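>>> Predicted model follows, preceded by the sequence.
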Amino acid sequence: MAQGTVQVTHTGTSRWRRRTGEYASLAAALEAAGDGDVLTVAPGTYRENLVVQRAVTLRGPEGSPGSVRIAPADGVPLTVRASATVQDLHVEGQDAAAPALLVEEGAPELIDVRVMTRSASGIEVRGGARPTVRRCTVDNPAGIGIAVLDGGGGVFEECEVVAAGQAGVAVRGGAHPRLERCRVHHASGSGLSVTGEHTGLEAVGCEVYEIKGSGVQITGRAAAHLTDCDVHRTTADGVTLDTDAVLTLADCRIHDIPENAVDLRSRSVLTLTRSTVRRFGRNGLSVWDPGTRVDANQCEIHDSTGDYPAVWVSDGATAVLEACRVHDVPDALFVLDRGSRVDVVDSDLSQVRNTAVSVSDGATAQLDDCRIREAATGAWFRDHGSGGTLANCTVDATQTGVIVTKGADPTIERCTVTSPSEAGFYVSAGGRGTFQGCRVAGSDGYGFHVMDGCRTTLRKCRTERCSRGGYEFAEDGPVVEECTSDESGGVRPGATAAPEPVVQTQTAPRTVGLLGGVPEQRAVPEPPEPQPESRTSKAVLGELDALVGLESVKREVRALTDMIEVGRRRQQAGLKAASVRRHLVFTGSPGTGKTTVARLYGEILASLGVLEKGHLVEVSRVDLVGEHIGSTAIRTQEAFQRAQGGVLFIDEAYALSPEDSGRDFGREAIDTLVKLMEDQRDSVVVIVAGYTTEMERFLTVNPGVASRFSRTITFSDYLPEELLRIVEQQTEEHEYRLAPGTPEALLKHFTAIPKGPAFGNGRTARQTFESMVERHAGRVAQLDEPSTDDLTLLYPDDLPELP
């Protein structure tokens, strides 16, 4: 068969049909072929846009893989609209607006096809098409690897996406494909992306790795089921679920992830069975928002590479762990915020550097038949409203078994603490709690140590071999019923001498982290007063609290401040304190208070002695990027030098890495910043700020950027009620008053005002007030003898027109 020809073998039995024929073009051969015919394509390059509309077999010559290239100048190189077979072809596309291989109808088979292209997508399946795709390869650095859209489906077996400029596999619009033993790697978007209601994906035995983004992303009410899959070596989270997403992971392995191994929010649901999560930089499981839930059964989470809890549950989310193992992590389980809950059954938490279970801010934890060992603190119920139950649990080889502080009120039933170095159970600072049928053995300190004024109840508890005593509490101590001890003195419910503190800060240094220490018996002395020119952190936090709205921002800043403060006090006490990265990312729309909070944050760090001055240096791209090679590094170094001892605030930081950057010098500024942040990490705090989406892209431009920032704080848009409060504050500050009906008119105004890109949030509120003052002045200036009311009252008519 001559090169560049197509041989058609007819399979029909009619005597009127030819048995074979050769054609000079693929289009002619396809036109002549009928259902069941075999088209064998001679080696060569075919500059044709092919459309297969019959159930034929289109294949390259045997023994010559890759010798047939379908490579038109533009458009879709190969479209399949029938239950045909396509085999041993090499498809190349150049059209960024079209797929390279499009399957629109039927149930065709694609076998050993290599798609090497720069197209919108490598292989695209649409509508009612249900192809079987075997051993196919997609290399598309300009777009999506494989796209299944608009109700499409099919099975992909042993396929490989070797490069993709966007998602490796994208599923949306109600599509439902199945992947079997596929590999997706070197994608610049998500590895697997499933989006939209009624959209689903099933993957078995697949591997997703080397992804510049999230490994698996399920959003917008989509669902997916992954079995025996590996997700590893991503630049963002391993698995992301958002907005009512549903995902099942069975026998999967998620590892070597620099961010959260699994992050889910907004009412998403994850079922995790017999799966392993290991070597992650932030949380192994990060669970947020009311209605969001994780159910993990027979799973293992271990070997964290960062300083974050392995399991994080907050903002009203729920997590259930059954027969799981969590080990070799800084903290095992943190649950915080009212409405958040964790249930842990028959699980092991071990080799935890700080706290195995931390419950705070009104959250609830229920642990049944669990085993905690080799942790600084077994369980810590931290504050008012925090509680839950520990039942039939064992805590071994910790510094302190269970801590209850600041009004927390858990129930501890039939739990045993063995070999604690300081105390079995420790209650202080107004902590409560009910301890029933509990036992402490082999303590190097006390068995039960309850501080003054703690309303704690102990029933049928027992201590054995406690070096400093089985029970220690003062005259107004807890309620004690039927408790026993192997001490000769027995229980001492009326000890009159002030007890020694459980924590001996003069002993050998500990290995616990920032949050792992046990509170001392006596109140920690107040820190020394700052210099007269500086405010205390309490005063600055008071100003932060006075800001309108920003509740989540205030919570984040307080949490970070508390961590830094406790770390400082631990160092003063001769204890180890974990290194806290203080650099932050602020995301959100303009006018939401990012600069104000950055200024207050600098003041807080100065008051805590972390920064020398705490002043704010605000810069943007124009201050950092020069016009010629070398000038950018100099400008960036100069800005960094001005910020010594304070905060360098980079507004619209994403402008340093425009999407069409080319030879843009912004990358040089980023590289210089990354180095300076490492070299001078103790003298300057860097805050980068900008729109949420753009900042997510910014954090991926340099491998060192994301790792330099400890956390991202999101500034939400102000609500109409909050904008009204800002105007009310401005009114009071400038000695004006709102006339009756004006607050209602303002609320209506802020509700109706367009919230597009030009919306300025707090800036809009201030501009509205200024406009009202101007209109008021124009009105009052016409009066000969205005009264005090005339000079101060702002009326609904003073409101500016809506833009």
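Happy to help now that I have it.
>>> residues contacting residue 443?
Contact analysis of residue 443 by CB atoms under 8 Å, 6 or more residues apart in numbering lists 417, 419, 420, 421, 422, 423, 424, 463, 465, 466, 467, 468. Glycine gets a C-beta too; all of them are placed from N, C-alpha and C.
>>> The residue lying closest to it once chain neighbours are set aside is in what secondary structure piece?
Nearest residue to residue 443 in three dimensions, chain neighbours excluded: residue 466, at 4.2 Å (CB to CB, 6 or more residues apart in numbering). For residue 466, there is no host helix or strand (DSSP states H and E).
>>> What separation do you get for residue 466 and residue 189?
58 Å (CB to CB, to the nearest Å).
>>> Show me what counts as buried in the longest helix seen in the chain.
Ordering each helix of the chain by length in residues (DSSP state H) puts helix 551-572 first. Within helix 551-572, the residues that qualify as buried are 553-557, 560-561, 563-570, counting by 16 or more other CB atoms under 10 Å.
>>> what's the answer for stretch 321-331, then?
The neighbour-count check on stretch 321-331 (16+ other CB under 10 Å) flags 321, 322, 324, 325, 326, 327, 328, 329, 330, 331 as buried.
>>> cool, stretch 391-407 as well?
391, 393-407.
>>> my read: residue 543 touches residue 601, true?
No. Residue 543 is beyond contact range of residue 601, at 11.4 Å (criterion: CB atoms under 8 Å).
>>> higher neighbour count, these two?
Comparing residue 543 with residue 601 by neighbour count (other CB atoms under 10 Å), the higher total belongs to residue 601, at 26 against 14.
>>> Keeping just the C-alphas, turn the helix or strand harbouring that one into CSV.
Following DSSP H and E, one finds residue 601 within helix 594-607. The C-alpha coordinates for helix 594-607 follow below in CSV (Å, rounded to 0.1, in the frame of the first residue of the first chain):
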residue,chain,number,x,y,z
LYS,A,594,-7.2,44.9,54.8
THR,A,595,-4.8,47.8,55.2
THR,A,596,-6.3,48.8,58.6
VAL,A,597,-6.0,45.2,59.9
ALA,A,598,-2.4,45.0,58.6
ARG,A,599,-1.5,48.2,60.6
LEU,A,600,-3.1,46.8,63.7
TYR,A,601,-1.3,43.5,63.2
GLY,A,602,2.0,45.3,63.2
GLU,A,603,1.2,47.1,66.4
ILE,A,604,0.2,43.8,68.0
LEU,A,605,3.5,42.1,67.1
ALA,A,606,5.4,45.1,68.4
SER,A,607,3.5,45.1,71.7
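>>> Tell me who's in contact with the residue nearest the centre of the chain.
The centre of the chain sits closest to residue 263, judged by CA atoms, centre = their mean, with a distance of 5.2 Å. Going by CB under 8 Å, 6+ apart, residue 263 touches 237, 239, 240, 241, 283, 286, 288.
>>> what about the third one, distance to residue 227?
The spacing between residue 240 and residue 227, counted by CB to CB, is 19 Å.
>>> Of those two, which one has the most company?
Set residue 240 next to residue 227 and count neighbours by other CB under 10 Å: residue 240 wins out with 26 against 18.
>>> picking that back up, give the buried subset of the contacts of residue 443 as a PyMOL selection command.
This is the PyMOL syntax for the buried subset of the contacts of residue 443, where burial follows 16+ other CB under 10 Å:
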select buried, resi 417+419+420+421+422+423+424+463+465+466+468
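>>> Please flag which of the contacts of residue 443 sit within strands.
Here DSSP state E is the test, and the contacts of residue 443 give 417, 423, 424, 463 as lying in strands.
>>> Could you work out the most separated pair of those?
Greatest spatial distance in those: 423 and 463, 10.6 Å, computed using CB to CB.
>>> Overlap of the contact sets of the two?
Taking CB under 8 Å, 6+ apart as the contact rule, residue 423 and residue 463 both touch 443, 447, 448.
>>> hmm, back to that, which secondary structure state does the residue nearest to the centre of the chain sit in?
At residue 263 the chain is in strand, as set by DSSP: H, G, I helix; E, B strand; the rest coil.
>>> partners of it in the sheet?
With DSSP bridges as the criterion, residue 263 is bridged to residue 240, residue 286.
>>> and what of residue 449?
Beta bridges link residue 449 to residue 426, residue 472 when assigned by DSSP bridges.
>>> Next, count neighbours for it.
28.
>>> shaky segments in the stretch 1-150 of the chain?
Applying pLDDT under 70 to the stretch 1-150 of the chain flags residues 1-5, 10-19.
>>> Show the residue spans covered by the helices in it.
Assignment of helices within the stretch 1-150 of the chain using DSSP state H, counting those that start in this stretch yields the ranges 26-32.
>>> same thing with the chain?
For the chain, the helices defined by DSSP H cover 26-32, 537-546, 551-572, 594-607, 621-624, 631-642, 666-679, 692-698, 705-708, 720-733, 742-752, 762-780, 788-792.
>>> what's the most buried one of those helices?
Among those, helix 594-607 has the highest mean neighbour count (mean count of other CB atoms under 10 Å), at a mean of 23.
>>> what about that one, distance to the chain center?
Offset of helix 594-607 from its chain centre (CA atoms, centre = their mean, to the nearest Å): 24 Å.
>>> Number the chain from 5, please
Sure, I'll start numbering at 5, so the last one becomes helix 598-611.
>>> on contacts alone, who are the packing partners of it?
With contacts taken as 3 or more CB pairs under 8 Å, 6 or more residues apart in numbering; DSSP states H and E, helix 598-611 sits against helix 541-550, helix 555-576, strand 588-592, strand 620-623, strand 651-654, strand 689-694, strand 715-719.
>>> where in the stretch 255-404 of the chain is pLDDT low?
For the stretch 255-404 of the chain (pLDDT under 70), the answer is none.
>>> now do 90
311, 341, 365, 387-388 (pLDDT under 90).
>>> cool, and the stretch 555-704 of the chain?
For the stretch 555-704 of the chain (pLDDT under 90), the answer is 555-649, 651, 654-704.
>>> Among the buried residues of stretch 395-411, which lie within strands?
Per DSSP E, the buried residues of stretch 395-411 map to strands at 395, 398, 399, 400, 404, 405, 406, 407, 408, 409.
>>> can you list contacts of stretch 602-619?
With CB under 8 Å, 6+ apart as the criterion, stretch 602-619 contacts 531, 534, 538-541, 543-545, 547-548, 561, 565, 568-569, 572, 586, 588, 590, 620, 622, 647-651, 653, 687, 689, 691, 693.
>>> Ends of that stretch, what's the gap?
Using CA to CA, to the nearest Å, one end of stretch 602-619 lies 10 Å from the other.
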